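Q: Pasting a predicted model and its sequence here:
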Amino acid sequence: MFIKKTTKHAGGKTYVNHLLVESVLTPKGPRHKVVCSLGSLDPGPHGDWLALAHKIEAALSGQQSIQSDSSVDAIVEKIEKSEGRPAKPAAPVEAQPDASDVVAVHADRISVEHAREAGPVHVAHQMWNRLGLDDVLTKAGLSQRARQLTELMTINRLVAPLSEHAMPDWIRRTALADIFQTSFDSLADEALYRNLDRLHPRRESIERALAERERTLFNLDDSIYLYDLTSTYFEGQCPLNDQAKRGYSRDNRPDCKQVVVGLVVDKEGFPNAHEVLDGNTVDRKTVQGMLTALEKRTGRHNEATVVVDRGMAYDDNLQQIRDAGYHYIVASRQGERCDHFDDYEDASGFVEVIREVSPNNLAQKKSRVRIKRKVIGDEVHILCCSDGREKKDRAIREKHEQRLLADLGKLKARVAQGRLVDEDKIHEAIGRLKERYGRVGRYYQITYDTDAPAIDWQQNAEKKKLAELLDGAYMLKTDRKDLSDDEVWKTYSLLTRVEAAFRSMKSPLAERPIFHHLKERVQTHIFLCVLAYHLLVAVEKTLRDAGLYTSWGTVREELATHQVVTVNLPTSDGNVLSIRRATAPEATHKNLYNLLRIPCDIIKPVRTLKPTLVTQARPNPATSLD
């Protein structure tokens, strides 16, 4: 449960009301149900609302509080009367323990051992089951052993990404053996490498089946497809991988070979398709391949809209999108803004648009922009001006201008001192500077006087004024005339979902750097990162639907303290009773498990009675995986 603030305006006054809301599962997906009205909680601090909701939810479930809270009791009584709930049962008389469950132990010799982190891997395993990934892998033709290895490798990328060489030791340090009821003591890295080879030819069928499963499970909208590219670099020369090439590096590692990764996600951030491309692939050359991959994974969806960035805003790219039966929303290339200079200069006609964010989503910032609509033939142009972006563009432009002037001064000194005399090389050096600082070089006229000889430059004030005016300005293009201006802008803003996916794959999922050298294993490594991202976005989507806006990284840290341990109880008759069980979940753990709709019990307790204390990896018999 959580508390939602509502406002109503009537008679010139504003009335504030707070509602107690719970998330319920319906045939159409998760929905919010109003439990009762709490009136106004102002001026109480916002941070106390969630705690109040938790107290009410605990009281409704019959939990007894150590310290009574009259305000909570009143709300609970109101809910019970309005919903016709039965009165709280009297506290049960404590049942007498079964005689067979009573043993005398030496309290000073009790020990706890084999503690294993359980919370994050428990959530990952439960979400794997919810997405039906085991069935998906079965239909793809993988054996039970291969399916289990694939799940282990995916969970590792989600929880604590490591190389295949280090992964077996990590698996043995977690509660995965308890969850799977299988021993991984003999698991070696070679088994994981071979599993990469098994997965490689089945990637497309797995991705297609998983996307269809998520569309049904989360009631996803398939009318918007967001497409973007990133790069991932290698350690080493990768002589056996013909895709590993040097190109434009989004990771600022031009010294390393790389591959380019294209990813298509829906408006909620769930991946639909991905492709691994050569490291020197240009953005505009990937559109046709993306459309083909999208059709293979999802089938053709008429009237769907593809959203791409300016690197794919060329006329031939837009024609490819139209020919495939899709609409488009793109950011135009920078030079196209100049065609609308007069419109940008005229402040009239611009309308301010704000993208609101949930009050619970403190990580997301409110976005505001001024927009103006222009219809050019069959295309709608949305002129945009952003104050925040204006400051960023101005700072970048001024920084480039300072560097250009500094390098021009160095070039002038070289020519004046006679250290550079060849005219062709001088013009070549000028050309390199204008190419390197293209953002500002276009409004500088650089000349070389052969008689002096000397380098000189003049600033074009008109062109600089144009550059200053266009700071913070960008333009969107679409063939969707049925959308309003703010709908076009807000839909384009969803492209940040792809950027968020890339950040997640590169940081918490540690997609980079890649240490594999074989082409097929590199592609499967990236595929496992995409699978792990499916789990990540499913966790965050489930929490979002329940009213909690947080990241997987925060969830992982909160649950890391929930562990599975073995408790050894030396009995008075000379035996040792060993109990393998999970620690009692804390309030934070319970809250996250409840919001994710997964059980708090990680494993069933396993009891073993031994004549002497013998240290074992697991108290329960297990079957070796490899």
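A: In hand now; what should we look at? Numbering: from 1, shown residues only.

Q: Give me the neighbour count for residue 222.
A: Residues within reach of residue 222, counting by other CB atoms under 10 Å, total 15. C-beta coordinates here come from the backbone N, C-alpha and C atoms, glycine included.

Q: swap in residue 480?
A: The tally of other residues near residue 480 (other CB under 10 Å) stands at 16.

Q: Could I get the contacting residues of the nearest residue to it once chain neighbours are set aside?
A: In space, and not counting its chain neighbours, residue 480 is closest to residue 327: 5.1 Å by CB to CB, 6 or more residues apart in numbering. Contacts for residue 327 (CB atoms under 8 Å, 6 or more residues apart in numbering) come out as 303-306, 321, 478-480.

Q: Out of the residues you listed, list just those in helices.
A: Residues of the contacts of residue 327 located in helices (DSSP state H): residue 321.

Q: Now which of the contacts of residue 327 would you call buried?
A: 304-306, 321, 478-480 (16 or more other CB atoms under 10 Å).

Q: Can I get those residues in CSV including pLDDT and distance to residue 438?
A: Output for the buried ones among the contacts of residue 327, formatted as CSV (pLDDT from 0 to 100; distance: CB to CB, whole Å):
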residue, pLDDT, distance to residue 438
304, 90, 35
305, 93, 32
306, 93, 28
321, 92, 28
478, 94, 27
479, 93, 30
480, 92, 32
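
Q: As JSON lines, those with distance to residue 564 would be great.
A: Shown next, in JSON lines, are these (distance: CB to CB, whole Å):
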{"residue": "304", "distance to residue 564": "46"}
{"residue": "305", "distance to residue 564": "47"}
{"residue": "306", "distance to residue 564": "46"}
{"residue": "321", "distance to residue 564": "51"}
{"residue": "478", "distance to residue 564": "53"}
{"residue": "479", "distance to residue 564": "56"}
{"residue": "480", "distance to residue 564": "53"}
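
Q: Please name the residues that touch residue 314.
A: So residue 314 contacts 284, 333 (CB under 8 Å, 6+ apart).

Q: again with the one 4 residues further on
A: When contacts are counted by CB under 8 Å, 6+ apart, residue 318 touches 328, 330, 477, 479.

Q: For these, work out which two are farthest apart.
A: Distance extremes for these: the farthest pair is 330 and 479 at 10.0 Å, using CB to CB.

Q: out of the buried ones among the contacts of residue 327, which are inside strands?
A: Of the buried ones among the contacts of residue 327, the ones assigned to strands by DSSP state E are 305-306, 478.

Q: rewinding a little: would you list the contacts of residue 318 in TSV and tack on distance to residue 591?
A: Below are the contacts of residue 318 laid out as TSV (distance: CB to CB, whole Å):
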residue	distance to residue 591
328	43
330	42
477	45
479	46
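
Q: Nearest to residue 237 among these?
A: Ranked by distance to residue 237 (CB to CB), the contacts of residue 318 are led by residue 330 at 36.5 Å.

Q: Show me how this protein divides into domains.
A: For the chain, the structural domains run 2-83, 103-113+560-610, 117-202, 203-357+476-545, 388-469, going by automatic domain parsing.

Q: what's the closest of those domains to residue 375?
A: Closest to residue 375 of the domains of the chain, according to CB to CB: domain 203-357+476-545, at 7.5 Å.

Q: Endpoints of that closest one, how far apart?
A: 29 Å (CA to CA, to the nearest Å).

Q: swap in stretch 306-318?
A: End-to-end distance for stretch 306-318, by CA to CA: 10 Å.

Q: Check stretch 477-488 too.
A: Start to finish, the residues bounding stretch 477-488 are 9 Å apart (CA to CA).

Q: Ok, stretch 238-257 next?
A: Its first and final residues considered, stretch 238-257 spans 8 Å by CA to CA.

Q: where exactly do the helices run in the stretch 51-200 of the chain?
A: Using DSSP state H, counting those that start in this stretch, the helices found in the stretch 51-200 of the chain span residues 70-83, 119-130, 133-139, 144-159, 167-172, 176-180, 189-199.
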